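Enquirer: could you work out the structure for the sequence below:
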Amino acid sequence: MASRLDLVTRPKAHLATLLLLTALVAACGDDATPGDDSGPGRGASQAVEELIETGFAKYLGTQPPSRTEEDGEWTHYYFDPAEEGAICLVGDEFQVSVKDGPSDQVLFYLQGGGACWDYVTCHVVSTALRTANGPVPSGILEADDPRNPFADWDVVYVPYCDGSVFTGDAIVDYDGVQTYHHGLRNLSVAVDALTSNFPDPSRVVVAGSSAGGYGTYSGYGAVRVALPDTPILVFNDSGPGVQNFNASDDVQNRVANWNFTDLIPATCTRCSEQYSYLTGWALDRDPWLRTALYSYQQDGVISFFIDLDGPAYRDLMLDVTGDLEAEYPNRFERFFPLGTEHTVLLSGVFYEQTIRETSLLDWTRAFLDDPDSWADVIE
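Expert: Numbering: from 1, shown residues only. Sure thing, here's the model as predicted:
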């Protein structure tokens, strides 16, 4: 493993290195097959090239941590808010936490915690987390649970405090309150922590819950650019990417105040219909990629945030994700229980939930290691 001091002293030639890696990857033969974790590097080069053009390399390697702290098996990296780079919503210090496990596989986990896009949502009712915290050992972060398929993995824990689901790139004045929607910058220093600590993982799972689930779209992009020849899988927990475009004021405020649409590749022709179709864009360009989507069918939190009732949310989500599942079987599959609850990856429910005769735990194991037996599970 690279020394953790590498994260502090890394040269800012990181972007040039990424571009060189992309050129080298593109020069290799393309004999990988869809969903095959063992193929050579050429397979993802088209995704890498377009993601760099879109801006996912913009902040990689540009901000070292200002300090570190050791805390048992975790190392916490902190970033100086005075730099106005990686920073929380109202100027608090951002952090990233890293655990070195015995595996050569990495779990890159994005925390959830709401969203906000104007003065009322950010500063009156405060519908998003505003400060960063460290990991809590629960669900898939519980290393002592022998049932946990990620128990021995390396972990990069990325707290959420930007209000913009890890996609924002803007400083906004909301009625005199300077507000940092710096999701892309926060995500980028987390990816730097990943590549500095684990420069040659056998594969990475980008996972996230709620806002972190929505964040897996940009999380995939940044990790793919930083690790162009590493197999990447995505586990999206309750962040399906759907929007209610009838709630036009909210949608327009998110577009204007987060400044996130620059991260949508121009070649994603269906992204104007729903952001969920970014998954199809990536699956078309990255033959290693598989994406697991978990959601309660009438998730009360996400339906609230996009201003739909439960049945309307269910119908929208089933329709959009059904398109993806039909086009990419064994590469995009869903686990959708009935109910209005929200998220599962950091819950004990992850180990107990079953739909008919398929447990979520077994479904996750198939997603990781047996895609031929991995299937859609809709209650």
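
Enquirer: give me the pLDDT for the residue lying closest to Gln178 once chain neighbours are set aside.
Expert: With CB to CB, 6 or more residues apart in numbering as the criterion, Gln178 has its nearest non-adjacent residue at 6.4 Å, and that residue is Ile171. The C-beta positions use only the backbone N, C-alpha and C, and glycine is treated the same way. With respect to pLDDT, Ile171 scores 98.

Enquirer: what about Ile171, is that helix, strand or coil?
Expert: Secondary structure, DSSP: H, G, I helix; E, B strand; the rest coil: Ile171 is strand.

Enquirer: who's in contact with it?
Expert: Glu84, Gln178, Thr179, Tyr180, His181, His182 (CB atoms under 8 Å, 6 or more residues apart in numbering).

Enquirer: can you pull the contacts of the nearest residue to Leu184 once chain neighbours are set aside?
Expert: Among residues not flanking Leu184 along the chain, Asp169 sits closest, at 4.6 Å (CB to CB, 6+ apart). Listed by CB under 8 Å, 6+ apart, the contact set of Asp169 reads Lys58, His181, His182, Gly183, Leu184, Arg185, Trp258, Asn259, Phe260, Asp262, Leu263.

Enquirer: and stretch 195-202, how far apart are its ends?
Expert: 12 Å (CA to CA, to the nearest Å).

Enquirer: Leu338 belongs to a helix, doesn't it?
Expert: No. Leu338 is assigned coil when assessed by three-state DSSP, not a helix.

Enquirer: so how far is Val124 from it?
Expert: Using CB to CB, to the nearest Å, Leu338 is found at 34 Å from Val124.

Enquirer: the spatially most central residue of the chain: what's it in contact with?
Expert: By CA atoms, centre = their mean, the chain has its centre lying nearest to Thr216, at 2.1 Å. Going by CB under 8 Å, 6+ apart, Thr216 touches Leu110, Val206, Ala207, Gly208, Val234, Phe235, Asn236, Gly239.

Enquirer: closest one to Leu360 out of these, please.
Expert: Nearest to Leu360 among the contacts of Thr216: Phe235, at 11.1 Å, using CB to CB.

Enquirer: phi and psi next, for that closest one.
Expert: Backbone geometry at Phe235, expressed as degrees, to the nearest 10, gives phi -120, psi 100.

Enquirer: what are the ranges of the strands in the chain?
Expert: For the chain, the strands defined by DSSP state E cover 67-71, 74-79, 94-99, 105-110, 154-158, 170-174, 177-181, 203-209, 232-237, 291-294, 332-336, 354-355, 358-359, 377-378.

Enquirer: take these and write them to JSON lines, including distance to Phe367.
Expert: Listed next are the strands of the chain as JSON lines, based on distance: least, CB to CB, whole Å:
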{"stretch": "strand 67-71", "distance to Phe367": "31"}
{"stretch": "strand 74-79", "distance to Phe367": "26"}
{"stretch": "strand 94-99", "distance to Phe367": "22"}
{"stretch": "strand 105-110", "distance to Phe367": "13"}
{"stretch": "strand 154-158", "distance to Phe367": "18"}
{"stretch": "strand 170-174", "distance to Phe367": "34"}
{"stretch": "strand 177-181", "distance to Phe367": "32"}
{"stretch": "strand 203-209", "distance to Phe367": "9"}
{"stretch": "strand 232-237", "distance to Phe367": "7"}
{"stretch": "strand 291-294", "distance to Phe367": "5"}
{"stretch": "strand 332-336", "distance to Phe367": "7"}
{"stretch": "strand 354-355", "distance to Phe367": "15"}
{"stretch": "strand 358-359", "distance to Phe367": "12"}
{"stretch": "strand 377-378", "distance to Phe367": "11"}
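
Enquirer: this completes my enquiry, with thanks.
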